[in-house]
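Asks: Show me the folded form of this:
(chains A and B)
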Amino acid sequence: MQSVRRSFLASFLSACVLGILAGCGSQSGPKLYPASGTVTFDGKPIETGRITFKGANANDRTYAADITNGEYKLELEAGQKIVEITASRLIPGKFDNSNGKPEPIGEMYIPKMYNENSQLKAEVKDSGENKFPFELKAK
Amino acid sequence: MHFRHRVAFTLIELLVVIAIIAILIGLLLPAVQKVREAAARAKCTNNLKQMALGIHNYESSYGRLPYGHATEDSGPFAEKLPDGNYYHRRKNWFQEILPYIEQNALYERYDAYTTNYWLHYMPDSIKAVVVPSQSCPSDPSAPGFGAGGTTTAFQGSYAVCAGGITWTGTTGVQRDITYGDAGGIFYRDSKTKLTDIRDGTSNTIMAGEGIIRGRSTSGTWGELGGHWGGAPHGSFGFSTFQPPNTSVADRVYSCKATTYPAAPNGAPCENGNAGGLSGRWNFVRSYHSGGANVAMGDASVRFVRDSVDLQTWRASGTRDEGIVTTDF
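Replies: Take a look at the predicted model:
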């Protein structure tokens, strides 16, 4: 009797596990590989900013992530990427009044050669580690 | 001795029965959850359909589609009081189509109110009214509030398509959605007729959904759906430059949150004003797994996967770029 009960239980449990597993999988879209790195500006880590990886062709997908305390982490498609980095700070004493009340205005302080006209590149590999450190300079 | 002959369950038998029941319930619960999600998704899809039909009924009355948003103090749609002051400042398609989505009472209250000139200074009896058909139940933050400067104004889950792309041949570049003609059906002071959608109404996106980044603190402007004050900062519309649920940030005047971890890909948002970043745009986002709904110009609603072909998606967002698109 006991062995019959055991086998019933075992089959129930395995059915449950299968049911749970069936819910997973079937993810579509391109294959992504983890990438990470550090970003400094004039030697200091960028506290908060954004990093964007664009493909070499206009219709390649773009991936972006936050930079927090000089570090970023995201998932990318393999291939050659153009990297854009932005970070901002408030301008003391400057306000916008278009809403009928003052709102502080900021500035994006990273030079254009690192974002709008970026020369930064990264080659994402489909195996091994993808670590891309960036050391930016004001000039 | 008669105790031995009593008919009873042993402890182990009871435990086995309880275990089986527990397993069955365990199997059932996720199914119930799935059904609830499916119901929310169906409601969300239907809302978009109703919105698209409302826009079409509006078109039947006016001979043109509603504007994306109206210039505050000049242009064809600005409203002026006898004393020279402009009122209903920052109005957008949302207020325009209210009578066509069974919200006539709200529209009449809004239309009659001329005391405070900006929409975000309207009383809560107008701006805080939740319009259920503009709220997607799949979003845990819906019905939303904020994104137009105050914390109490209703924030919708839907917006119209502004395109937000400048085309050079078949190469698109991201552009601001709040100024000028951004290529889509809806933009500032737009008066698009159905015949102006030269790529074909069934090939051009009219409206879509976004996500709400939680409760607002005051003074945040422009996230999708902030129709009571946020329109000129981006709230009225979205760009199709990036696919649904992109990890590229929305960029509006100021965000309720720069990231919202519960949403797909964290729904990032950049503070345009405090960050000194030019250009304003929202992207299509949703909590439905793997994609989002859009309504086409012919009022058909389609589910678009996050993995949609980028060229097709971008070209579908603009009304007259002439690129032949495949189906989603």
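Asks: C-alpha only now, for contacts and for neighbours.
Replies: Will do.
Asks: Residue nearest the middle of chain B, spatially speaking?
Replies: For chain B, the residue lying nearest the average C-alpha position, counting by CA atoms, centre = their mean, turns out to be B:Y158 (2.2 Å).
Asks: Would you mind confirming that that residue is in contact with B:L224?
Replies: Yes. Counting by CA atoms under 8 Å, B:Y158 does reach B:L224; the two are 7.2 Å apart.
Asks: what sits in contact with each of those two?
Replies: B:G210 (CA atoms under 8 Å, 6 or more residues apart in numbering or on different chains).
Asks: just the strands in the stretch 201-328 of chain B please.
Replies: All strands of the stretch 201-328 of chain B, identified by DSSP state E, counting those that start in this stretch, fall at B:205-209, B:237-239, B:250-252, B:269-271, B:291-296, B:301-305.
Asks: that older thread, who's the residue nearest to the centre of chain B bridged to?
Replies: Legend: beta-bridge partners of B:Y158 under DSSP bridges are B:E209.
Asks: how near is it to B:L106?
Replies: 18 Å (CA to CA, to the nearest Å).
Asks: Could you do B:G219 as well?
Replies: Counting by CA to CA, the gap from B:G219 to B:L106 is 24 Å.
Asks: again with B:G222
Replies: Taking CA to CA, one finds B:G222 at 22 Å from B:L106.
Asks: The two: which has the busier surroundings?
Replies: Between B:G222 and B:L106, B:G222 has the larger neighbour count (other CA atoms under 10 Å in any protein chain shown), namely 34 against 17.
Asks: residue contacts, the more buried one?
Replies: Taking CA under 8 Å, 6+ apart, we find B:G222 in contact with B:147-148, B:230-236, B:252-255.
Asks: how about the helices in the chain?
Replies: If you meant another chain, say so; for now it's chain A. Along chain A, counting by DSSP state H, helices occupy A:2-23.
Asks: wait, I meant chain B there
Replies: Under DSSP H, chain B gives helices at B:11-62, B:93-97, B:104-112, B:124-127, B:310-317.
Asks: tell me the average confidence for the last one?
Replies: Looking back up the chat, that one is helix B:310-317. Mean pLDDT, computed over helix B:310-317, is 95.
Asks: Figure out how far stretch B:65-72 is from the centre of its chain.
Replies: Relative to its parent chain, stretch B:65-72 has a centroid offset of 17 Å by CA atoms, centre = their mean, to the nearest Å.
Asks: Now do it, average pLDDT.
Replies: Stretch B:65-72 carries an average pLDDT of 96.
Asks: Name the residues that touch that stretch?
Replies: So stretch B:65-72 is contacted by B:55-56, B:58-59, B:77-78, B:86-93, B:96-97, B:160, B:162, B:186-194, B:231-232, B:236-237 (CA under 8 Å, 6+ apart).
Asks: Weed out the non-buried ones from those.
Replies: B:55-56, B:58-59, B:77-78, B:86-93, B:96-97, B:160, B:162, B:186-192, B:194, B:231-232, B:236-237 (16 or more other CA atoms under 10 Å in any protein chain shown).
Asks: how about low-confidence regions in chain A?
Replies: A:1-28 (pLDDT under 70).
Asks: Listing partners with orientation, what would you give for the longest strand seen in it?
Replies: In chain A, assigned by DSSP state E, the strand with the most residues is strand A:79-96. Strand A:79-96 has its sheet partners listed here by DSSP bridges as strand A:48-55 (antiparallel), strand A:103-108 (antiparallel), strand A:121-124 (antiparallel).
Asks: got the CA coordinates for the first one in CSV?
Replies: Just to be clear, that refers to strand A:48-55. Extracted C-alpha coordinates of strand A:48-55, given in CSV (Å, rounded to 0.1, in the frame of the first residue of the first chain):
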residue,chain,number,x,y,z
THR,A,48,24.3,59.3,-11.7
GLY,A,49,24.1,59.2,-15.5
ARG,A,50,22.9,57.2,-18.4
ILE,A,51,24.8,54.9,-20.8
THR,A,52,23.4,54.0,-24.2
PHE,A,53,24.7,51.3,-26.6
LYS,A,54,23.7,51.9,-30.2
GLY,A,55,24.2,49.4,-33.0
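Asks: could you measure B:E72 against chain A, distance?
Replies: For B:E72, the distance to chain A equals 11 Å [CA to the nearest CA, to the nearest Å].
Asks: Excluding chain neighbours, what is closest to that residue?
Replies: B:R89 (4.6 Å; CA to CA, 6 or more residues apart in numbering or on different chains).
Asks: picking that back up, most neighbours per residue, which of the strands paired with strand A:79-96?
Replies: strand A:48-55 (a mean of 21; mean count of other CA atoms under 10 Å in any protein chain shown).
Asks: if we can go back for a sec, mind putting the strands paired with strand A:79-96 in TSV, distance to B:D124 included?
Replies: TSV is the format used below for the strands paired with strand A:79-96 (distance: least, CA to CA, whole Å):
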stretch	distance to B:D124
strand A:48-55	36
strand A:103-108	23
strand A:121-124	51
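Asks: Tell me which of those strands lies nearest to B:G208.
Replies: When those are compared by CA to CA, strand A:48-55 sits nearest B:G208, at 24.8 Å.
Asks: distance between the closest one and the chain's centre?
Replies: Distance of strand A:48-55 from its chain centroid, counting by CA atoms, centre = their mean, is 7 Å.
Asks: likewise stretch B:105-119?
Replies: 23 Å.
Asks: got the end-to-end distance for it?
Replies: 17 Å.
Asks: hmm, it touching chain A?
Replies: No. On the criterion CA under 8 Å from any CA of the partner chain, stretch B:105-119 is out of touch with chain A, staying 8.7 Å away.
Asks: Now that stretch: buried residues?
Replies: In stretch B:105-119, counting by 16+ other CA under 10 Å, buried: B:106-107, B:110, B:113-114, B:117-119.
Asks: Tell me which of the strands of the stretch 201-328 of chain B sits most buried.
Replies: Of all these, strand B:237-239 carries the top mean neighbour count, a mean of 34, counting by mean count of other CA under 10 Å.
Asks: what's that one packed up against?
Replies: When contacts are defined as 3 or more CA pairs under 8 Å, 6 or more residues apart in numbering or on different chains; DSSP states H and E, strand B:237-239 packs onto strand B:158-163.
Asks: got the angle for the strand it packs on vs helix B:310-317?
Replies: Angle, strand B:158-163 to helix B:310-317, by axes from the mean of the first three to the mean of the last three CA atoms, to 10 degrees: 100 degrees.
Asks: what's next to strand B:158-163, contact-wise?
Replies: With CA under 8 Å, 6+ apart as the test, strand B:158-163 has contacts from B:48, B:68, B:134-135, B:177, B:182-187, B:205-210, B:224-225, B:235-241, B:314, B:317-319.
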